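A.B. asks: based on what follows, work out the 3D shape:
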Amino acid sequence: MSFVCGKRQLELLKGQRGESDLCLVKGKFYLMVVCDVETPKPIDVEGVLGVDLGIVNIAADSDGGGFSGASIEDNRRKFAHRRRNLQRNGSKSAKRKLKAISGKQARFQKNINHVISKGLVKIAQDTRRAIGLEDLTGIREAKVRRKQRARHANWSFYDLRFKIEYKAERAGIPVIFVDPAYTSQACNECGCVDRANRKSQSLFLCVQCGFSA
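C.D. replies: Residues are numbered from 1 along each chain as shown. From the prediction side, this is the model:
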């Protein structure tokens, strides 16, 4: 049986292992193949690129770069409004439309996470640094205000972490996980930890050494 695939997929197929599965997913056929990929040894790093994960800014690195979450929030609101109106309608055409838009929001967010993770790994690779990430295990159990519940539940931080991990591994970049406690209040210049350091969500100003970011 003949099939077509991209250049990257042809390279991966050189490491094919075991059997392949032909699957029908939402009306389209996919060939599921297990491939072994050789991962390089971790490189000798000369520092760490710190990455702060959030909702307003999906990721902000210690070099001052950031990836805004505005597009994801706009997309979430748009699809939530559309689903609500279609569900209230309840007609056959509305149900067909609901089926058609199913998964679009998730795919949009996965694509954003791919772009962000690829960019962060590229920066770390070019500057020969490891990547430092917050270990956000258990954050879903944190209490949030009612108005923020939908936005918090929509936060795909684990998907972004997974993509950063495997892209970094394939580039030979070590990934270090740190305790997130007080990381937003700690100054990376003098080490001062103070709640007053965080003037607002987007402004940091150390009360001890005056460092701002």
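A.B. asks: can you pull out the helices in the chain?
C.D. replies: Listed in chain order, the helices of the chain (DSSP state H) span 7-12, 70-89, 92-101, 104-126, 149-153, 157-171.
A.B. asks: quick one: which of these is nearest I58?
C.D. replies: The minimum distance between I58 and the helices of the chain falls on helix 104-126, with 6.0 Å, by Cβ to Cβ. Placement of C-beta: from N, CA and C, glycine included.
A.B. asks: name the residues that touch the closest one?
C.D. replies: Here helix 104-126 makes contact (Cβ atoms under 8 Å, 6 or more residues apart in numbering) with 49, 51, 58-59, 61, 63, 65, 67, 71-72, 75-76, 79, 129-131, 154, 156, 159-160, 163-164, 167-168, 171-173.
A.B. asks: show the buried residues in those.
C.D. replies: Burial by neighbour count, judged by 16 or more other Cβ atoms under 10 Å, picks out 49, 51, 58-59, 61, 67, 72, 75-76, 79, 129-131, 154, 156, 159-160, 163-164, 167-168, 171, 173 from the contacts of helix 104-126.
A.B. asks: where is the longest strand in the chain?
C.D. replies: strand 16-25 (DSSP state E).
A.B. asks: just how off-centre is that strand within its chain?
C.D. replies: How far strand 16-25 lies from its chain's middle: 27 Å, per Cα atoms, centre = their mean, to the nearest Å.
A.B. asks: same question for stretch 9-25.
C.D. replies: How far stretch 9-25 lies from its chain's middle: 26 Å, per Cα atoms, centre = their mean.
A.B. asks: and stretch 35-47, by the same measure?
C.D. replies: When distances are taken as Cα atoms, centre = their mean, stretch 35-47 is centred 21 Å away from the chain's centroid.
A.B. asks: so what touches that stretch?
C.D. replies: Outside stretch 35-47, the residues touching it (Cβ under 8 Å, 6+ apart) are 12-17, 127-130, 169-174.
A.B. asks: okay, how far is it across that stretch, tip to tip?
C.D. replies: Between the opening and closing residues of stretch 35-47 lies a distance of 33 Å (Cα to Cα, to the nearest Å).
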